[in-house]
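Trainee: I would like to see how this sequence folds:
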Amino acid sequence: MHNKLTPFFLVLSLLLTSCGGEDDDGTTPDLVLQLSKGNIGTYSLNLNNSDENIDAPIDKPLVFTFTSPLEQSTVASSVELKDSEGVVVTLDFSFLDDDKTFSASTENGLEGNENYTLEIKNTLRGTSNEKFGGLTVSFQTVPKEINVTQLLIDGVDYFSAERIVDISLMPSFEITFSSPVDASTITDANVRIFSSSGLLSSAITLSEDKTTLTIVPSTALKGLQKTQVWLYEAIKGEEGEVFNFYKKDFYTTYDPTPVFPEISDEALLTLIQQKTFRYFYDDAHPASGMARERNSSGSTVTTGGTGFGLMAIIVGIERGFITRQQGIDHFAKVIGFLETADRFHGVWPHWLNGDTGAVQPFSTKDNGGDLVETSFLVQGLLTLRQYLNADNAAEADLVSRINTMWEEVEWDWHTKGGEKVLYWHWSPNFGWEMNHQIRGYNEALITYFLAAASPTHAVSADVYHNGWAGNGSIKNGRKFYDIELPLGYDYGGPLFFAHYSFLGLDPNGLSDTYGDYWEQNVAHSRINQAYCVANPKAFVGYSDLCWGLTASDNHNGYSAHSPTNDLGVITPTAALSSFPYTPVESMKALKFFYYTLGDKLLGENGFYDAFNITQGWTANSYLAIDQGPIVVMIENHRTGLLWDLFMSAPEVQPGLDKLGFTSQR
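Mentor: Numbers count the residues shown, from 1 in each chain. Now for the predicted structure:
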C-alpha cells in the first residue's frame, strides 16, 4: 500500500513547493501587507466609505498603520496626496511603531474646505517583501476659517492679554481679521458690546480692505466695570469662510467723578473715624459692651477686637462723638464683664459668649486661653487705664480693677513649664495639644513685650530673644521694589503685622538688636503699596489709589492676603491703618475708597471689610480686628493719642529696657 500512495504524496509535495515559491517579481504571494487603520491626527478615516470623511482637520499629519513593518524606501513613491484640482501635495514622511506606521505631514498644513484624495499604490512593500493591494481614500477638510488676529484698544495690542484692565471710559476697539470679511455680515446684530447694565450702542466701521473692524461706544462706559466685546458666528469671510464666536472681556478704569460731595481732608478723616467708631459703641454687644467678632456674630464677642475697641472709644470721646460719661459707662460695662468671664490662668479665650461670659470655642481644641488675643485686650486695657482720671472715684475704681486683671494674667504659664518660647493656646481639656509656638515676625510683638513687662508673671528676656526673634532669624534685609525690608517675610506679609502690636506700642524711634520698628513698618507698608501699583496679576482696580493687602473676608471666605497670597482682594483697613507710615499714599486710598467706591463700600459702621472688583464682589461684613485699627491708627497719625497713653504706663520703660529696646520716649 505504501508503494501505491507514493506518487500521490510526490505530486502534493510539488504543488506545495510551487505555491510556496516566488513569483516572477520576487514577491511571496501568501505574505500580504495589510492596512489596519488610517487617521488624520486623532480623526479616524473610514477606509471603506469616503463619503463619511468630512470635517477632517487641516493641521494634523496623515497617519497610516500596517500589520507589518514597511520598507521605507517604497513609501514616498507609493503614497500620493492630491487636491481637488489634481495638484500633488508635497509630503514629508516619518516612521513610528518599528516602521509599521508612517506619518505624512505638509509644510503649512492642508487647505480648509478642500477635497483631497490619498492613494497608496500597490508598489508599497513590507520589509519581508510583503505586497500591498493598493488603496484610494478621499476626505474633505473642515471649512476655511476667518479668525481674529489682532485686538487694539486705544492703540494698545491686547490680543494675548489674559486680563485687560484700566481701559478708558470712551475706548476705541480695532479688531483685525485673518482675511477680508463679508461687509454685509458686519451688523449691529453681529457686533455687540455688553456691560453689566446690558447692551451698549456703538458705532461700527469696516476698513476699506475689509480686514479691520472699528468699534466705538456711543456713550461713556461706567468705571471699574466688566465689559465684553462679542462677535457672532454669523460673520462670514468674503469667500464664505466661517467665523467662530469671539468674545473678549475687559475692565474699565475708575470714573473720577466723586460719588459724594468733596470735603476737607481733616473732615474726611473725622467722618471715617466716627462711622467706624460706631461699630464698637452703637453696635457693641448690649449686655457686655464687648465688640462682636463680626457684625453677624450675634452673641459671640471677641477679646482682641474689644481691646482695639476700647482704644477706639477713647478716640470717640476725644473727638466728641460721645461724652466722657457715656464712654466711662461703656468702659465699666466691659470691665465688669471681663472680670467674671471665663479665664484660664488669667488668660482670656479668643471668643466669649457676650451674654454669659462662657468661653466660645474658636476651634475644636481652642477652648481655653488665647495669649495673643489677650495681649491685644491688655494693650487696650492699659491704654484705657492711662486715660482714666485717678482723681475721679468712679474712674479710679476702674483703674484698680484693670490693674487686678492685668496682674492676674499668667504670661509665664504659657512658656509650657519654662521653655524659651511662648505658646499661643492652653486648654483645660486639651492642655498644650494645639502646640502653636508664637514666633516672629508677625502680629504678636506686643504679646512678648507685655509678657516681659508683667509686674507679676513676667518671662525672661531669653524667651523674647529665643522665642520671638529666633536669635536673629526674624531679620530680612532684602529689597523689594527697591525698598529694604529689615525684618520678617519677603514682601512683609499681610499688613496687620504693622498695626496690631503698634496701636499702643509707639514704633517711632523704637529699635532693638534686630531692627528699627518704624523703618520696618514704613518699609512694609510701602512694599505692599508698590506691589499693588505693579499689579503683577492684573487685578482690576489696583493702583496707587487702590491698594492694601491684609487678612480679611474675601469672595471665597477668609484669608491673610499679602503680595505672596494675592487673590485680588483690597481691604480698606490695610491702607487706612498705615496712615502713620504712608500718610500721602493712605490719603489717596481713603479718597478713592470714599469718593470713587463710597456709594458701594461705605456703610453705617465705616467701610465694609473688603472688596474684589475683578470678581464684582464687595463684603457686607465688618470685623472688629479690621475696624479697630482704622480708628486708632488714624488718630495716632493725627495726634499720637493712643501712643502717648500706652507709652506713659509705668510698666513700659522697664519692659523696653529688659528686652534691650531703645525708644524716643
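Trainee: Would you mind giving the secondary structure of residue 136?
Mentor: Recorded secondary structure, residue 136: strand (DSSP: H, G, I helix; E, B strand; the rest coil).
Trainee: For it, give me its contacts.
Mentor: Residues in contact with residue 136 (CB atoms under 8 Å, 6 or more residues apart in numbering) are 117, 118, 119, 120. The C-beta positions use only the backbone N, C-alpha and C, and glycine is treated the same way.
Trainee: and if we set it to 10 Å?
Mentor: Neighbour list for residue 136: 47, 50, 80, 117, 118, 119, 120, 121 [criterion: CB atoms under 10 Å, 6 or more residues apart in numbering].
Trainee: So for the residue nearest to the spatial centre of the chain, what's the nearest residue that isn't a sequence neighbour?
Mentor: For the chain, residue 567 is the residue whose C-alpha lies nearest the centre (CA atoms, centre = their mean; 2.0 Å). Nearest residue to residue 567, sequence neighbours excluded (CB to CB, 6 or more residues apart in numbering): residue 554, at 5.6 Å.
Trainee: how near is the one you found to residue 612?
Mentor: Separation of residue 554 from residue 612 (CB to CB, to the nearest Å): 7 Å.
Trainee: shared neighbours of the two, anything?
Mentor: 561, 567, 568, 569, 619.
Trainee: For the third one, which residues are in contact?
Mentor: Pointing back at residue 568 there. 163, 535, 537-542, 549, 554-555, 561, 611-615, 617.
Trainee: of those residues, buried ones?
Mentor: Among the contacts of residue 568, those classed as buried by 16 or more other CB atoms under 10 Å are 535, 539-542, 549, 554-555, 561, 611-615.
Trainee: Now intersect the residues you listed with the strands, please.
Mentor: Taking DSSP state E, the ones among those that sit in strands are 554, 611, 612.
Trainee: who does residue 118 bridge with?
Mentor: Beta-bridge partners recorded for residue 118 (DSSP bridges): residue 81, residue 137.
Trainee: Which positions in stretch 626-640 come out as buried?
Mentor: For stretch 626-640, by 16+ other CB under 10 Å, it's 626-638.
Trainee: Nearest to residue 211 among the residues you listed?
Mentor: Residue 211 lies nearest to residue 626 out of the buried residues of stretch 626-640, by CB to CB, at 52.9 Å.
Trainee: Am I right that the closest one sits in a helix?
Mentor: Yes - counting by three-state DSSP, residue 626 is part of a helix.
Trainee: That one and residue 574: what is the separation?
Mentor: Residue 626 is 9 Å from residue 574, by CB to CB.
Trainee: Overlap in contacts, those two.
Mentor: 496, 499, 550, 551, 552, 610.
Trainee: Who are the contact partners of the residue nearest to residue 592 when sequence neighbours are not counted?
Mentor: Distances taken as CB to CB, 6+ apart place residue 545 nearest to residue 592, at 4.0 Å, with adjacent residues excluded. Neighbouring residues of residue 545 by CB under 10 Å, 6+ apart: 254, 256, 532-533, 575, 585, 588-593, 595-596.
Trainee: Which strand or helix spans residue 545?
Mentor: For residue 545, there is no helix or strand it lies in under DSSP states H and E.
Trainee: just to revisit the earlier point, just the contacts of residue 136 now: which is nearest residue 343?
Mentor: Closest to residue 343, out of all of those and judged by CB to CB, is residue 47, at 84.1 Å.
Trainee: what's near enough to touch that closest one?
Mentor: Per CB under 10 Å, 6+ apart, neighbours of residue 47: 35, 36, 37, 38, 53, 64, 135, 136, 137.
Trainee: Could you rank these by neighbour count and give me the top one?
Mentor: residue 64 (24 neighbours; other CB atoms under 10 Å).
Trainee: where does the nearest residue to it once chain neighbours are set aside fall, phi/psi-wise?
Mentor: Spatially, and ignoring its direct neighbours in sequence, residue 64 is nearest to residue 38 (4.7 Å; CB to CB, 6+ apart). Main-chain torsions, residue 38, degrees, to the nearest 10: phi -140, psi 140.
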